[in-house]
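J.: need a structure here:
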Amino acid sequence: MPKDSIGHLIPGTVSSTRSVPAHIVRPEYVGKKGPSPFTGSDVYSNEKIELIRESGRIAAEAIAAVGRAIVPGVTTEQLDQIGHDYLVANDAYPSTLGYRGYPKSLCSSVNEVICHGIPDNTALDNGDIVNIDITAYKNGVHGDTNVTFIVGEATEEVTLLVERTREALARGIKAVAPGRQVNVIGRTIASYAKRFNYGVVRDYTGHGVGEAFHSGLIIPHYDAPQYDTVMEVGMVFTIEPMLTLGTGDWDIWSDDWTVLTRDRSMTAQFEHTLVVTERGAEILTLA
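T.: Down below sits the predicted model:
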């Protein structure tokens with residue numbers, strides 16, 4: 001994703017797929033066109049939750065390692081290498097690698113890219129923002145998280161967008177409680193975003209995660225009463241709001257992955273995997 005003459009991203013050069021040591025167990029979808037339909041439950045035992053927590057911790061630590069390398073001049077390809085190396089060093093498989101053909105070990109979404117940006121030879125500039133999304137697969141379960149980083153120093157408008165998107169996630173997590181419908185989460189996030197006239201991306205959502213990378217459970221980030229699944233203790237899913245300085249409308253590149261704001265406005269995102277508890281929610285993706 002280099003940039004054109006007015007600073008908008010354009011597709012860059014993607015390097016070859018990285019190798020994963022043979023002893024690391026692959027998710028069932030690797031080498032296939034897509035995952036098998038998930039027939040399990042989004043509610044997990046305490047033992048399984050602890051395994052998801054381990055995967056989540058590795059993913060969070062990998063993001064922290066990548067974050068320490070984010071400076072002007074670094075390429076998203078170099079960041080992918082760091083994330084990949086951290087995961088495999090901890091006997092975890094990078095869940096994105098080979099998922100429906102995705103070619104890299106993390107997603108790096110820069111500036112106007114909402115999600116699923118493919119690491120390439122794009123060099124980050126001072127004032128850019130980049131979202132790093134990493135999912136780790138270990139012990140048969142996935143842990144999924146992402147963070148938006150500021151490269152050097154950004155404008156006040158962009159800095160506030162990042163800070164407020166992080167707060168939107170925190171508020172969404174606070175809305176979690178057994179007996180409530182999942183649409184409460186989206187209503188809470190959208191209400192907060194509206195205070196600042198931010199766009200809320202609707203078509204990319206939180207999801208059930210654990211034994212499946214995406215279980216089929218949908219967690220909206222906007223007021224969507226049609227999503228009426230009732231939260232229950234032991235249910236595991238992600239919340240991952242995507243807010244923009246413009247609208248929530250989007251385009252997708254010909255790679256069928258890179259999603260960017262239609263108006264090319266800046267966008268930020270934060271994500272955690274969490275479990276519903278008797279008292280609310282517990283985050284499972286902490287370093």
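J.: show me the shaky parts of this protein.
T.: Applying pLDDT under 70 to the chain flags the ranges 1.
J.: just the helices in it please.
T.: Using DSSP state H, the helices found in the chain span residues 46-68, 76-89, 156-174, 183-194.
J.: what's next to the last one, contact-wise?
T.: Residues lying outside helix 183-194 but in contact with it, judged by Cβ atoms under 8 Å, 6 or more residues apart in numbering, are 164, 167-169, 171-172, 174-176, 199-200, 206, 219-228, 239, 241, 243. C-beta here means a position set from N, CA and C on the backbone, and glycine is covered the same way.
J.: I'd like to know which of the residues you listed are buried.
T.: 164, 167-169, 171-172, 175-176, 199-200, 206, 219-224, 227, 239, 241, 243 (16 or more other Cβ atoms under 10 Å).
J.: which ones among the residues you listed lie within strands?
T.: Among those, DSSP state E puts G199, V200, G206, I219, I239, L243 in strands.
J.: what's the closest of those to E28?
T.: G206 (22.2 Å; Cβ to Cβ).
J.: once you drop chain neighbours, what's closest to V43?
T.: Leaving aside its sequence neighbours, V43 sits nearest to G234 (Cβ to Cβ, 6 or more residues apart in numbering; 4.4 Å).
J.: that neighbour: what's it in contact with?
T.: For G234, the contact set (Cβ under 8 Å, 6+ apart) comprises V43, Y44, S45, N46, I49, V275, V276.
J.: now swap in L217 and tell me
T.: D42, V182, H207, G208, T229, F237.
J.: one more time with 6 Å
T.: Counting by Cβ atoms under 6 Å, 6 or more residues apart in numbering, L217 touches D42, G208, F237.
J.: and which of those is nearest N146?
T.: Nearest member of the contacts of L217 to N146, counting by Cβ to Cβ, is F237, at 14.4 Å.
J.: what's the nearest residue to the closest one if we skip its chain neighbours?
T.: The nearest residue in space to F237 (Cβ to Cβ, 6+ apart) is G208, at 4.9 Å.
J.: equivalent analysis for D228, please.
T.: Q181 (4.8 Å).
J.: beta partners of the one you found?
T.: Beta-bridge pairing of Q181, defined through DSSP bridges, involves V230.
J.: for it, give its distance to Y102.
T.: Going from Q181 to Y102 by Cβ to Cβ, to the nearest Å gives 31 Å.
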